[in-house]
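Visitor: sequence-free structure coming up:
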């Protein structure tokens, strides 16, 4: 009888220990029931920051003498035309894609115009470049609002970077009665990792750090603090790597965009649990 009692107690303790261990083990397989967590804000942040980064890149290509000529040659006047007014103050640079969608050499469809206002020479440091839009669309999504960039020089050649203030919105539908705005506002640092020595946009890779506030189409607001810089390549539709701390109506999360591959996979961490999520573009 004594042995049976010890056996039962031992079995009970073993079962409790097993349950405790399992309860502490990260859950990698559970399905996320909240649509915001299940790729919602991860996709929105990736999408709008990629678009912003692309716009700055296009402006830089058009705004420099050498790259401006390269852009005109590459696009052949079919995808975009570039005009600049250096008489007025501030100067005005306009990249026009036309009123109808044009498929550019990167395979993305654009229409409307990107407008850049600046003082001095385009590449001067410590000068604010203000980018706005005239009915600008990319792949059917309309970008409105403004982006301000300031180039910062360092003592190391090639290590200059941008301070970026974003205050814009991406509407992911072409139907006015069904607007799906993602707003993006905050202060970022944009560093040129590779490609700055060539005139080819398609070898350009950037890192993005800083913090923003994002509001999703459903009205939910999130604070996005980038703890490990995001890697963004112009040839990839997604943020390829980097980590952000996300806080919003449903609490604190950690978002990891992965190890650097160009894919739609990311991981979301809620407490001790991790979840694989799929990004949409």
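Guide: On my side now, so go ahead. Please read all numbers here as calculations on a predicted model, not as lab measurements.

Visitor: which residues of the stretch 151-281 of the chain fall in strands?
Guide: Assigned by DSSP state E, counting those that start in this stretch, the stretch 151-281 of the chain shows strands spanning 161-171, 181-194, 205-215, 221-233, 241-248, 251-259, 265-270, 273-278.

Visitor: I'd like these as TSV, with mean pLDDT appended.
Guide: Listed next are the strands of the stretch 151-281 of the chain as TSV, based on pLDDT from 0 to 100:
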stretch	mean pLDDT
strand 161-171	97
strand 181-194	95
strand 205-215	97
strand 221-233	98
strand 241-248	98
strand 251-259	96
strand 265-270	98
strand 273-278	97
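
Visitor: make CSV out of those strands and add distance to residue 87 and mean neighbour count.
Guide: C-betas here are computed from N, CA, C, even on glycine. Shown next, in CSV, are the strands of the stretch 151-281 of the chain (distance: least, CB to CB, whole Å; neighbours: other CB atoms under 10 Å):
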stretch, distance to residue 87, mean neighbour count
strand 161-171, 26, 19
strand 181-194, 29, 17
strand 205-215, 32, 19
strand 221-233, 35, 19
strand 241-248, 42, 19
strand 251-259, 44, 17
strand 265-270, 48, 18
strand 273-278, 50, 16
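
Visitor: how about JSON lines for those, with distance to residue 36 added?
Guide: Supplementary listing: these in JSON lines, determined by distance: least, CB to CB, whole Å:
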{"stretch": "strand 161-171", "distance to residue 36": "17"}
{"stretch": "strand 181-194", "distance to residue 36": "12"}
{"stretch": "strand 205-215", "distance to residue 36": "11"}
{"stretch": "strand 221-233", "distance to residue 36": "8"}
{"stretch": "strand 241-248", "distance to residue 36": "7"}
{"stretch": "strand 251-259", "distance to residue 36": "10"}
{"stretch": "strand 265-270", "distance to residue 36": "10"}
{"stretch": "strand 273-278", "distance to residue 36": "11"}
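
Visitor: now the helices for the protein?
Guide: Applying DSSP state H to the chain gives helices spanning 2-24, 41-63, 65-75.

Visitor: mean pLDDT lowest for which of the ones you listed?
Guide: Of all the helices of the chain, mean pLDDT reaches its minimum on helix 2-24 (a mean of 43).

Visitor: surely residue 253 meets residue 267?
Guide: No. With contacts counted by CB atoms under 8 Å, residue 253 stays clear of residue 267, the gap being 10.5 Å.

Visitor: isn't residue 180 right up against residue 172?
Guide: Yes. Here residue 180 reaches residue 172: they are 4.4 Å apart, a contact under CB under 8 Å.

Visitor: between the two, what contacts are shared?
Guide: residue 217 (CB atoms under 8 Å, 6 or more residues apart in numbering).

Visitor: who has more neighbours, those two?
Guide: When neighbours are counted by other CB atoms under 10 Å, residue 172 comes out ahead of the other of residue 180 and residue 172, with 19 against 14.

Visitor: contacting residues around the more buried one?
Guide: Contacts of residue 172 (CB under 8 Å, 6+ apart): 47, 140, 141, 180, 181, 182, 217.

Visitor: who does the third one bridge with?
Guide: Residue 141 has these beta-bridge partners by DSSP bridges: residue 138.

Visitor: need the distance between the two termini of stretch 195-205.
Guide: Start to finish, the residues bounding stretch 195-205 are 7 Å apart (CA to CA, to the nearest Å).

Visitor: what about residue 93, how many residues nearby?
Guide: For residue 93, using other CB under 10 Å, the count is 22.

Visitor: bridging residues for it?
Guide: residue 84, residue 116.

Visitor: so it sits against residue 61, correct?
Guide: No. Residue 93 sits out of contact with residue 61 when judged by CB under 8 Å, with a separation of 10.8 Å.

Visitor: and residue 102, how many neighbours?
Guide: For residue 102, the count of nearby residues is 15 (other CB under 10 Å).
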